[in-house]
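S.K.: From the sequence below, what's the structure:
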Amino acid sequence: MKTILVPIDHTTAAEHTLAYANKLAVRWPAEVVLLYCHPDSALTSAPAAELARQEQRLRSLVERLRYQQLTRQDGRRIQYRYRILSGCLHDHVQQEVMQHSADLLVMGLEHIDCGQQAAPGNHAAAITELVTCPVLVVPPGRRSLPSRLVFAADFSTLNPSLLPRLSALQEAFPAPLDLVQFYPPTERPRRRTFKQALTKAAAHLPWLMLAPHLVEDDAPLEGTSEFCARNQAQLLIIAPTSHEQLLRYFDSCHTTTRAYHTQIPVLVLRAQERQPSVACCDKCAERLALANKKSILPDYHSVRWA
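M.R.: From the prediction side, this is the model:
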């Protein structure tokens, strides 16, 4: 069974996050692992008793929300697990994702970590850097599952390992998918390259209703928000190449002006880091070194000389 890890911070917005995760769990279907990290500074003289009280509080929240926006039959089908830990989310989330083999992490845009509030999206961006599974950032408010998706990326440089990870989520998000590639006017000579990359990416995705779009715009982030608004998208999928690029999506200038892309859930994909090859013996080490040397040197024999 698939697993959704949901960090909870006991704020009102967290209820919306859990309600959204519940709908996903029914559609996929998936098991929900609820993770609450209680700040060390907030612990009483009896930490075990306090953690037990927080678990009971979490169970009460689950029972209250289990049937909200769901039929009783669907609510009963959801399986929950509870993880109550002492400390900060960013200290535990990596281990929890690995321990539960989480396929998706769902958290709030305004999640509070370690008892500290940050600008919207900052904690989510930090957590995304720590885990390898996709992270779904849900803004406050009641919302239904998406009926239209937008995947905005630079497909000419997109890491190939991201497409299978996105394909694994097709059952959770079976809505029509728009692939959009933005390029500045200075890159017009590369239009054919961009179009080929879009077509190649579309061929590796299982969505039945899929449409590629090549758009000229020198401000891709603003263009993405306008594209989502124009197409009434309910989920934006991004594949940032750096932590700074991810933070720009949730910059205060966008959250303050309530830009469209900050008002819908955002699914963040991260490429899996390739592990370096490790030799088990001296003979294997020599073979790896020879292979690396061959990969660096040009292969003149494969060139067709005129």
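
S.K.: The stretch 101-250 of the chain: strands as residue ranges?
M.R.: 104-108, 135-138, 149-152, 177-183, 210-216, 235-238 (DSSP state E, counting those that start in this stretch).

S.K.: got a markdown table for the ones you listed, with mean neighbour count too?
M.R.: The way it works is simple: take the backbone N, C-alpha and C, and place the C-beta from them, glycine included. Shown next, in a markdown table, are these (neighbours: other CB atoms under 10 Å):
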| stretch | mean neighbour count |
| --- | --- |
| strand 104-108 | 26 |
| strand 135-138 | 27 |
| strand 149-152 | 26 |
| strand 177-183 | 22 |
| strand 210-216 | 15 |
| strand 235-238 | 22 |
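
S.K.: possible to save these as CSV with mean pLDDT?
M.R.: Formatted as CSV, the strands of the stretch 101-250 of the chain follow (pLDDT from 0 to 100):
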stretch, mean pLDDT
strand 104-108, 97
strand 135-138, 98
strand 149-152, 98
strand 177-183, 97
strand 210-216, 97
strand 235-238, 98
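
S.K.: JSON lines for those, including distance to R59?
M.R.: Shown next, in JSON lines, are these (distance: least, CB to CB, whole Å):
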{"stretch": "strand 104-108", "distance to R59": "19"}
{"stretch": "strand 135-138", "distance to R59": "21"}
{"stretch": "strand 149-152", "distance to R59": "33"}
{"stretch": "strand 177-183", "distance to R59": "37"}
{"stretch": "strand 210-216", "distance to R59": "41"}
{"stretch": "strand 235-238", "distance to R59": "29"}
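
S.K.: Of all these, which one is nearest E244?
M.R.: Each of these has some distance to E244 by CB to CB; the shortest is strand 235-238, at 13.4 Å.

S.K.: Show the contacting residues for R192.
M.R.: Counting by CB atoms under 8 Å, 6 or more residues apart in numbering, R192 makes contact with nothing.

S.K.: go with 10 Å
M.R.: L214 (CB atoms under 10 Å, 6 or more residues apart in numbering).

S.K.: do V268 as well
M.R.: 105, 124-125, 127-129, 131, 134-137, 236-240, 246, 249.

S.K.: May I see the domains of this structure written out as residue ranges?
M.R.: Domain assignment for the chain, taken from automatic domain parsing, gives 2-138, 149-268.

S.K.: Now do the lengthiest strand in the chain: which elements does it pack against?
M.R.: Counting by DSSP state E, the longest strand found in the chain is strand 30-38. Here strand 30-38 touches strand 2-8, helix 12-27, helix 47-65, strand 80-86, helix 89-99, strand 104-108, going by 3 or more CB pairs under 10 Å, 6 or more residues apart in numbering; DSSP states H and E.

S.K.: That one vs helix 47-65, what angle?
M.R.: 140 degrees (axes from the mean of the first three to the mean of the last three CA atoms, to 10 degrees).

S.K.: Pull the distance from strand 30-38 to the chain's centre.
M.R.: 16 Å (CA atoms, centre = their mean, to the nearest Å).

S.K.: what's the model's confidence in that strand, averaged?
M.R.: The pLDDT scores in strand 30-38 average 96.

S.K.: looking at the protein, which helix or strand does the model trust least?
M.R.: Within the chain, confidence by mean pLDDT, DSSP states H and E is lowest for helix 282-296 among all helices and strands, at a mean of 54.

S.K.: And the helices in the stretch 201-306 of the chain?
M.R.: Under the criterion DSSP state H, counting those that start in this stretch, helices of the stretch 201-306 of the chain are mapped to 220-230, 243-249, 252-256, 282-296.

S.K.: Can you list the buried residues in the second one?
M.R.: Translated: helix 243-249. For helix 243-249, the neighbour count (16 or more other CB atoms under 10 Å) marks L246, L247, Y249 as buried.
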